[in-house]
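1. The following comprises the amino acid sequence and a computationally predicted model.
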Amino acid sequence: MRNIQRFFVGFLAVLTALWLLAELPAWTPPPHFFAWRTLLMQYSGVLAMGVMSVAMVLAVRPVVFEPYLGGLDKMYRLHKWLGITALVVSVAHWLLAVAPKWMVGWGWLQRPARGPRAVLLDAPVQQFFMGQRGLAEGIGEWAFYAAALLMVLALVKRFPYRHFFKTHHLLAVAYLALMWHSVVLLKFDYWSGLLGPVMALWMAAGTVSALMVLFRRVAVGRQVVGEVARIRHHAALDVIEVEIQCKGRWAGHDTGQFAFVTLHEDEGPHPYTISSAWTGDGHITFIIKALGDYTRTLSKRLRVGDVVKMEGPYGRFNFQGTAQRQIWVGAGIGITPFIARMKALAAAPDGRAIDLFHPTAVYDEHAISLVQRDADAAQVQLHVLWSQRDGLLTAERLTEQVSAWREADIWFCGPAPFGQSLRKDLVAMGLPPERFHQELFQMR
């Protein structure tokens, strides 16, 4: 989380600093409200277009940034922050544009007189942009309405995922329109300073990314077709275990990574953690919990022999660290990355002492026996906590059972609020924050 927090704050700070550097050399206090309005519209436009450009780049899932931002799950969280920032700043930008006009109409403000625009015969590029202002303003306004609607829908959890998947890529169209709006209306003097090249670079990257989204070229080199080879139902847990045989070349994956899997075209890709270690035989297993409208139908819709598509792998939940002791917490369906890791350790032990805590609201003896078998093979100490019998897992309980917890790396996968609470309590008890690893498995 720290990396994306630093990037988010740092990016906004850099854009602000570059804008100030562009304005301060010729700074004179704005003489009236409308002059302030012009100044703030330029600043809000720079911020809005900057964060939208970064969000658009992240939308194409560039794996090159994973080591620096902590994995695709963190990149998507950053994408969400940037989107919310773009929405808020764009609304402010729009209000700066339209509210003064309303107030003039109501008689609350008086617009200062202004003469005709100068004709710049010796600056044809600037003159061309000035001639495009009316068109750019109109395009920008309608693109703003469309983008705002799509961003709000993305934030509404009740908006079904299948509709979100089909509509969210339309933001790429709005982005291209807003990019043109920004190029035309950005203060021309900015292009000759530091701010102009930085904005040009990010808008160019955003434009390429938007075109990749529109032409369905996102991560095409990381996609492979597969066939459902086996399905196991764990009815008591509302879980199905799906084994897929790759029909194309899968580059392999590390334990703890996930993939986007399209099991049915009408639903689109969903992110699922890979629950099998890679052995090179082309088999990949996913354990899928019935948590939503779509996943509840999988036990009836999915059949052996169905052709599916996978994209990945992604993620940095890789169990790497310097500590020789690790504590894993796999709550509910969050057990899946640890199953994959235990299978890998059974084949290639790494010598670490590992305790696995598995809190669960539903106890299924057969499923637990399978987890215990994997734990025994990997020499992992398994602690099963059935909430009805054993109560809840707390930081105090964890530290009582593992005396050397201060020297351990802790890896958590499960409900986000539970992880946040556990992390907060352990850090308060003395755990270095960087030793608590948690995947942010929410992609919208």
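-> In hand now; what should we look at? Small disclaimer: the values here were computed from a predicted structure and weren't measured.

2. C-alpha only now, for contacts and for neighbours.
-> Noted.

3. May I ask which helix or strand of this structure has the lowest mean pLDDT?
-> helix 124-131 (a mean of 75; mean pLDDT, DSSP states H and E).

4. what's that helix packed up against?
-> helix 171-185 (3 or more CA pairs under 8 Å, 6 or more residues apart in numbering; DSSP states H and E).

5. Which parts of the protein are strands?
-> Secondary structure of the chain, counting by DSSP state E: strands at 223-234, 239-246, 258-262, 270-273, 283-289, 307-314, 325-330, 353-360, 381-386, 408-413, 436-438.

6. Let me see the domain layout of the chain.
-> Here the domain assignment for the chain is 2-214, 220-314, 325-438, based on automatic domain parsing.

7. Among the ones you listed, which comes closest to Arg444?
-> In this view, the domains of the chain are compared for proximity to Arg444 by CA to CA, and domain 2-214 is the closest at 6.7 Å.

8. before we move on, the earlier item: most neighbours per residue, which of the strands of the chain?
-> Mean neighbour counts were compared across the strands of the chain using mean count of other CA atoms under 10 Å; the top stretch is strand 408-413, at a mean of 25.

9. I'd like the distance from that one to the chain centre, please.
-> Between the mean C-alpha point of strand 408-413 and the mean C-alpha point of its chain there is a distance of 21 Å (CA atoms, centre = their mean, to the nearest Å).

10. do stretch 415-428 as well
-> The chain centroid and the centroid of stretch 415-428 are separated by 20 Å under CA atoms, centre = their mean.

11. Show the model's pLDDT score for Gly115.
-> On the pLDDT scale, Gly115 is placed at 58.

12. Tell me what angle the longest helix anywhere in the chain forms with strand 307-314.
-> Longest helix in the chain by number of residues (criterion: DSSP state H): helix 72-105. On the basis of axes from the mean of the first three to the mean of the last three CA atoms, to 10 degrees, helix 72-105 is oriented at 90 degrees to strand 307-314.

13. Now do the same for helix 72-105: mean pLDDT, whole number.
-> Helix 72-105 carries an average pLDDT of 96.

14. ok, back up a step: can you convert the strands of the chain into CSV and add a column each for distance to Leu109?
-> Written out in CSV, the entries for those read as follows (distance: least, CA to CA, whole Å):
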stretch, distance to Leu109
strand 223-234, 58
strand 239-246, 63
strand 258-262, 54
strand 270-273, 52
strand 283-289, 59
strand 307-314, 54
strand 325-330, 61
strand 353-360, 63
strand 381-386, 66
strand 408-413, 56
strand 436-438, 53
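
15. Of all these, which one is nearest Thr167?
-> Distances from Thr167 to each of the strands of the chain were compared using CA to CA; the minimum, 15.3 Å, belongs to strand 270-273.

16. partners of that closest one in the sheet?
-> Under the criterion DSSP bridges, strand 270-273 sits next to strand 258-262 (antiparallel) in its sheet.

17. which residues sit against the partner strand?
-> For strand 258-262, the surrounding residues in contact (CA atoms under 8 Å, 6 or more residues apart in numbering) are 268-274, 308-315.

18. one step back: can you name every helix or strand that the longest helix of the chain contacts?
-> In this structure, helix 72-105 packs against helix 2-23, helix 33-59, helix 66-69, helix 133-155, with contacts taken as 3+ CA pairs under 8 Å, 6+ apart.

19. and that helix, which residues are buried?
-> Within helix 72-105, the residues that qualify as buried by neighbour count (16 or more other CA atoms under 10 Å) are 72-87, 89-94, 96-97, 100-101.

20. re earlier: in the contacts of strand 258-262, find the pair that's most separated.
-> Spatially, the most separated pair among those is Val308 and Gly315, at 20.9 Å (CA to CA).

21. dump the residue contacts of the most centrally placed residue in the chain.
-> Geometric centre of the chain, nearest residue: Tyr76, 0.6 Å, by CA atoms, centre = their mean. Contacts for Tyr76 (CA under 8 Å, 6+ apart) come out as Leu58, Ala59, Gln442, Met443, Arg444.

22. Buried ones among those residues?
-> Buried positions within the contacts of Tyr76, assessed by neighbour count (16+ other CA under 10 Å), are Leu58, Ala59.

23. Next one: His181, what pLDDT does it get?
-> 97.

24. low pLDDT regions in the chain?
-> Counting by pLDDT under 70, the chain contains low-confidence ranges at 113-123, 443.

25. Recalculate using a threshold of 80.
-> Filtered on pLDDT under 80, the chain yields the residue ranges 25-28, 30-31, 112-131, 441-444.

26. So which bits of the least confident helix or strand of the chain are buried?
-> Applying 16+ other CA under 10 Å to helix 124-131 flags Gln126, Phe129, Met130 as buried.

27. Roughly how far does the residue nearest to the centre of the chain sit from Gly315?
-> With distances defined as CA to CA, to the nearest Å, the gap from Tyr76 to Gly315 amounts to 11 Å.
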